[in-house]
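# mind folding the following:
(one chain, ligands or ions: 2)
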Amino acid sequence: MKIERLDLYHISQPLVSPFVTSFGRQEERHCLILALHSEGLTGWGECVANSAPGYSYETVGTAWHILSDFLIPAVLGRELQEPEEIAGWLKFVRGHPLAKAALDQAAWDITAQRDGLSLARKLAQPYPEGPRRRVKVGVSIGIQPTIDQTLAVIHHHLDEGYGRIKLKIRPGHDVDLARAARAAFPDTLIMLDANSAYRLEDAIIFQAMDGLDLLMIEQPLDYEDIYDHSRLRPLIHTPLCLDESIHSADHARYALAIGACDIINIKPGRVGGWTEARKVHDLCRSQGIPVWCGGMLETGVGRAAQLALASLPGFTLPGDISATARYYAEDIATHFSLNPEDSTISVPTAPGLGVEVNMARLARVTLQKETYVYR
Ligand code: OSB
Ligand code: MG
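Ligands and ions are numbered 1, 2, ... in the order given. As a prediction, the model looks like this:
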């Protein structure tokens, strides 16, 4: 398939409720949406960079620059056979995985459509068992003004049918919160995400939570660190999960080699796309390390592709893939809803991503658009 044309959109949609983490507060979600056109088909990708460099050094601004000036010119007019080729074409740019992943996702979508396969089926081709039809999901709760308010939000999401709760923590908003949540909800799967807010010297804080039967603690230490996580892990009982530190299958290999984690959160954006995400999955699966699919407050475009990834056999823990209405009252793509009886979301089965992009809505929320044509 010759890559004939690409459209890049910078969009912003208001969040249903503000999302607060140890790295900042978000009231609206900026991201980039990319459309890749070939042979009458359109593949869609979402770049999950944010307006500020809090979670990652990338922003919508840097991703626009990198896509527009380097990545898109490198793919325009090329003959795409399989999506696994994309990562190699983009390798000449160091870093910038969130920008690369948007192109990678669009390439997976369009080739899956060409093959008449759902993205889940295409991704799951190497595995005899095929993709799961429903994916276990949980909800990630941002930092609330008080512990009581956090408990009320947990209650609300449990009522909706979510079976796993993730609480964001930061220094001063950690042990008491975790204790209160465990006391109020003794049988709920509860985990914490620190988004790199602590140092190894804070081990005592995590030791204080050892008896709370938490599912895991996600990324307590620095976003670039693997080594100190390997020193923290034997000091605590709660399973340790890495998010920010893992940028590739190689990073995952280093982390497992030195015993830095028990679990890995796989975000396709963070590792540069779905091909690399599947490599991280394969490595972890071969070593008996459970993985789950992380989230970045995706629109329906990104969410569909998360569901496809999380349908692979090694994704044995619930993902941060909530119903889209939790984030956006109105969205640019078909809404995904929760199956409350088993805290799952059904994996799309139509060819490619299996979602309908609402072009009128997309136009309404677009702040900037650029079209790149091969001539
Ligand atoms: O650390 O997992 C994270 C959102 C934005 C940036 C980083 C993270 C998150 C979440 C929300 O935890 C996951 C989601 O519901 O999409
Ligand atoms: Mg995280």
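# list the contacts of the residue nearest the centre of the chain.
Centroid-nearest residue in the chain, with Cα atoms, centre = their mean: residue 295, separated by 3.0 Å. By Cβ atoms under 8 Å, 6 or more residues apart in numbering, the residues touching residue 295 are 140, 267, 303, 306, 319-322. For glycine as for every other residue, the C-beta is placed from the backbone atoms N, C-alpha and C.
# my read: residue 309 touches residue 276, true?
No - Residue 309 lies out of contact with residue 276 (Cβ atoms under 8 Å); the separation is 11.0 Å.
# now do the shared contacts for the two.
Counting by Cβ under 8 Å, 6+ apart, the residues touching both residue 309 and residue 276 are residue 268.
# neighbour count: those two, which is higher?
residue 309 (28 against 24; other Cβ atoms under 10 Å).
# picking up where we left off before, got a markdown table for the contacts of residue 295, with distance to ligand 2, secondary structure and pLDDT too?
Output for the contacts of residue 295, formatted as a markdown table (distance: Cβ to the ion, whole Å; DSSP: H, G, I helix; E, B strand; the rest coil; pLDDT from 0 to 100):
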| residue | distance to ligand 2 | secondary structure | pLDDT |
| --- | --- | --- | --- |
| 140 | 8 | strand | 97 |
| 267 | 8 | coil | 98 |
| 303 | 17 | helix | 97 |
| 306 | 14 | helix | 98 |
| 319 | 12 | strand | 98 |
| 320 | 8 | coil | 98 |
| 321 | 13 | coil | 97 |
| 322 | 14 | coil | 96 |
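# give me the spatial nearest neighbour of the closest residue to ligand 1 within the stretch 51-200 of the chain, chain neighbours excluded.
The nearest approach of the stretch 51-200 of the chain to ligand 1 comes at residue 140, 3.7 Å away (Cβ to the nearest ligand atom). Closest residue in space to residue 140, ignoring its immediate chain neighbours: residue 166 at 4.4 Å, by Cβ to Cβ, 6 or more residues apart in numbering.
# what's the helix or strand where that neighbour lies packed up against?
Here residue 166 sits within strand 164-168, counting by DSSP states H and E. Applying 3 or more Cβ pairs under 8 Å, 6 or more residues apart in numbering; DSSP states H and E, we find strand 164-168 packed against strand 139-141, helix 147-160, helix 175-184, strand 189-193.
# how about the last one: buried residues?
Within strand 189-193, the residues that count as buried by 16 or more other Cβ atoms under 10 Å are 189-193.
# near ligand 2, from those?
residue 193 (Cβ under 5 Å from the ion).
# can you tell me which two in the buried residues of strand 189-193 are farthest apart?
Farthest pair in the buried residues of strand 189-193 (Cβ to Cβ) is 189 and 193. Separation: 13.7 Å.
# buried ones in the longest helix seen in the chain?
Using DSSP state H to define each element, the chain has its longest helix at helix 97-115. Within helix 97-115, the residues that count as buried by 16+ other Cβ under 10 Å are 97-114.
# ok, residue 299 to residue 239 distance?
31 Å (Cβ to Cβ, to the nearest Å).
# residues in the stretch 201-350 of the chain within reach of ligand 1, list them.
243, 294-297, 320, 322 (Cβ under 6 Å from any ligand atom).
# who wins for most neighbours among these?
Busiest of these [other Cβ under 10 Å] is residue 294, holding 27 neighbours.
# wait, what's in contact with it?
Shown in contact with residue 294 (Cβ under 8 Å, 6+ apart): 243, 265-267, 270, 319-320.
# tell me which element the residue of the stretch 151-300 of the chain found nearest ligand 1 is part of?
The minimum distance from the stretch 151-300 of the chain to ligand 1, using Cβ to the nearest ligand atom, falls at residue 295 (2.4 Å). Residue 295 is part of no helix or strand, with elements assigned from DSSP H and E.
# rewinding a little: wait, which of the helices and strands packed on strand 164-168 is closest to residue 207?
Across the helices and strands packed on strand 164-168, residue 207 has its closest neighbour in helix 175-184 (9.8 Å, Cβ to Cβ).
# angle of that closest one against strand 189-193?
Interaxial angle, helix 175-184 versus strand 189-193 (axes from the mean of the first three to the mean of the last three Cα atoms, to 10 degrees): 170 degrees.
# what residues sit buried inside helix 175-184?
Neighbour-count burial for helix 175-184 flags 175, 177-178, 181-182, 184 (criterion: 16+ other Cβ under 10 Å).
# who does it touch, helix- and strand-wise?
Looks like helix 175-184 contacts helix 147-160, strand 164-168, strand 189-193 (3+ Cβ pairs under 8 Å, 6+ apart).
# now render the ones you listed as JSON lines, adding mean pLDDT.
Listed next are the helices and strands packed on helix 175-184 as JSON lines, based on pLDDT from 0 to 100:
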{"stretch": "helix 147-160", "mean pLDDT": "98"}
{"stretch": "strand 164-168", "mean pLDDT": "98"}
{"stretch": "strand 189-193", "mean pLDDT": "98"}
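# before we move on, back to that, what is the nearest of the buried residues of strand 189-193 to residue 171?
Among the buried residues of strand 189-193, and counting by Cβ to Cβ, the member closest to residue 171 is residue 192, at 12.6 Å.
# OK, contacts around that closest one?
Applying Cβ under 8 Å, 6+ apart, the residues contacting residue 192 are 166-169, 174, 178, 209, 214, 216-218.
# do that again at 7 Å, thanks
Applying Cβ atoms under 7 Å, 6 or more residues apart in numbering, one finds that residue 192 lies in contact with 167, 169, 178, 214, 217-218.
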